[in-house]
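Q: got a predicted structure plus its sequence, pasted below:
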Amino acid sequence: MKKVVLLVFLAFVCFVPSTFGAVPAKNFVIVDATSNESFVPIRFLNGYNGISMTWTSTDQRIDIVKEQVHLTLFVGKTAATLNDESVQLSTAPFNDNGITYVPLKFVSEAMDMQLIWDKDSASVKINQGEVSASLPFINQGKNTNNSKPIVSEKKTFKVGKKSFNVQMVTISLLHPKIDLDVVLASDTIGKVEDLSSLAKRNNAAVAINGTFFDAYTTGEFKSPYGYIISGNELLHYGDRRTVFTYDKNNLVQLIPGDEFQDRFKQGTIEGGLQAGPRLITNGKVSLDVEKEGFKDPKILTGAGARSALGITRDHKLILITTSGATIPQLAEIMKQAGAYQAMNLDGGASSGLYYNGKYITAPGRKISNAIIIRNQ
């Protein structure tokens, strides 16, 4: 009897589309650069603001329903229906790496969704009533599953007459195996821990030191400076400096500190931390340390060990460490590295970068917090 039940179960699984199987949790919109058509994964729509969806495997039929609106589409076919009325789509739904995509324009118009495209963050905000979500978008053909999720390399960048040896790790954020997190030393505010210990304890493939902290206090409690968010929970408050954030789809953004509280109240920020100053805005070097609240007169002239992060337009996270650089020089390095947005992290003796089980830049002290990347 047990064998019969098992065979029936296995047969059922074989006919369930991979969209409902062990698929990556991240959602993103695919854009066809030639036709300018965009496509959204059906798994994102399922459950979004009361939308329900059913899939019929025999004819690859997709039914999307909300209240009085009923859409029926078929993978590979441009024939569809809207409330039983025949509709001809300009492009057909398709499968890609086990995920089914449907035309976003057709669905959004039928479901009364508002689309707001943000080219600077390469994302689209989908609003329906009081509910909204932002999804990263990529050009069709950029197969995130087939790319290498993490690349580590040593590079040399020249700024003016000076050359800088840089340790650089690049992470493909939309790769299904990549998971971002912000972690605390000993899982507690005010503690410190070796970066390698923190990384190994959290099963990190990559780890870089995070925000500033009171490293020179004689007491055991060494308070971090600025916002720290992990697991959708605000662990520490901050000020006006730049905040690095990410959501459940690994859409990463740099937010001014004075805008952070309003953004956090929207409930989409999964994690992040505050450091600064900001180095790159929309592909251009941008340094406004006074606006961010930095008061040290040597902030722009002092040279030392540096850590920084950058975001590319195709959703890659660049983590770098270097030595002997001023903040303006660091900004030029990040621009040459391909960052479209970038910010400084804690530096000096805190500067450290861990990859694949070992240091590629060893910090000179224990640290308070870190950004980590897991390769699941």
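A: Great, that's in hand.
Q: now for H70, how many residues are close by?
A: Other residues lying near H70 total 14 when counted by other Cβ atoms under 10 Å. Every C-beta, even on glycine, is put in place using the N, C-alpha and C of the backbone.
Q: identify the bridge partners of it.
A: On the basis of DSSP bridges, H70 is bridged to V65.
Q: N83 is in contact with that one, correct?
A: Yes: proximity of H70 to N83 meets the contact threshold set by Cβ atoms under 8 Å, at 5.5 Å.
Q: I'd say Y354 and S197 touch.
A: No: with contacts defined as Cβ under 8 Å, Y354 does not count as touching S197, sitting 9.9 Å away.
Q: residues contacting the closest residue in space to F39 that isn't next to it in sequence?
A: Excluding its sequence neighbours, the residue lying closest to F39 (Cβ to Cβ, 6 or more residues apart in numbering) is Y101, at 3.8 Å. Y101 sits next to 30, 39-42, 93-95 when contact means Cβ atoms under 8 Å, 6 or more residues apart in numbering.
Q: picking that back up, so which of Y354 and S197 has more stuff around it?
A: The residue with more neighbours, out of Y354 and S197, is Y354; 28 against 13, by other Cβ under 10 Å.
Q: and the more buried one, what does it touch?
A: Y354 makes contacts with 195-196, 199, 204, 206-208, 360, as judged by Cβ under 8 Å, 6+ apart.
Q: tell me the bridge partners for it.
A: Beta-bridge partners of Y354, counted by DSSP bridges, are A207, Y359.
Q: how close does it sit to G324?
A: With the distance defined as Cβ to Cβ, to the nearest Å, Y354 ends up 21 Å from G324.
Q: kindly report the same for G257.
A: The value you get for G257 to G324, if Cβ to Cβ is used, is 28 Å.
Q: could you do V166 as well?
A: Computed as Cβ to Cβ, the V166 to G324 distance reads 11 Å.
Q: what's the answer for K358, then?
A: When K358 is compared with G324 (using Cβ to Cβ), they lie 23 Å apart.
Q: these two touch, right, S307 and A349?
A: No: under the criterion of Cβ under 8 Å, S307 makes no contact with A349, lying 11.1 Å away.
Q: which one's more surrounded, those two?
A: Neighbours per residue, other Cβ under 10 Å: of S307 and A349, the larger number sits with S307, 26 against 15.
Q: who is that one paired with across the strands?
A: T321.
Q: contacts only, for it.
A: 208-209, 319-321, 344-347, 350-353.
Q: any chance of those residues in JSON lines, with neighbour count and pLDDT too?
A: JSON lines is the format used below for the contacts of S307 (neighbours: other Cβ atoms under 10 Å; pLDDT from 0 to 100):
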{"residue": "I208", "neighbour count": "30", "pLDDT": "98"}
{"residue": "N209", "neighbour count": "29", "pLDDT": "98"}
{"residue": "L319", "neighbour count": "24", "pLDDT": "98"}
{"residue": "I320", "neighbour count": "29", "pLDDT": "98"}
{"residue": "T321", "neighbour count": "26", "pLDDT": "98"}
{"residue": "N344", "neighbour count": "25", "pLDDT": "98"}
{"residue": "L345", "neighbour count": "24", "pLDDT": "98"}
{"residue": "D346", "neighbour count": "28", "pLDDT": "98"}
{"residue": "G347", "neighbour count": "22", "pLDDT": "97"}
{"residue": "S350", "neighbour count": "25", "pLDDT": "98"}
{"residue": "S351", "neighbour count": "27", "pLDDT": "98"}
{"residue": "G352", "neighbour count": "28", "pLDDT": "98"}
{"residue": "L353", "neighbour count": "23", "pLDDT": "98"}
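Q: what residue is smack in the middle of this protein?
A: N250 (2.5 Å; Cα atoms, centre = their mean).
Q: what distance do you get for that one to S172?
A: Noted for N250: a distance of 9 Å to S172, by Cβ to Cβ.
Q: which residues do these two both contact?
A: 178, 315.
Q: how about D296: what's its closest non-neighbour residue?
A: Per Cβ to Cβ, 6+ apart, closest to D296 is G302, 8.0 Å.
Q: just to revisit the earlier point, of K358 and G324, give the one with the bigger neighbour count.
A: G324 (12 against 9).
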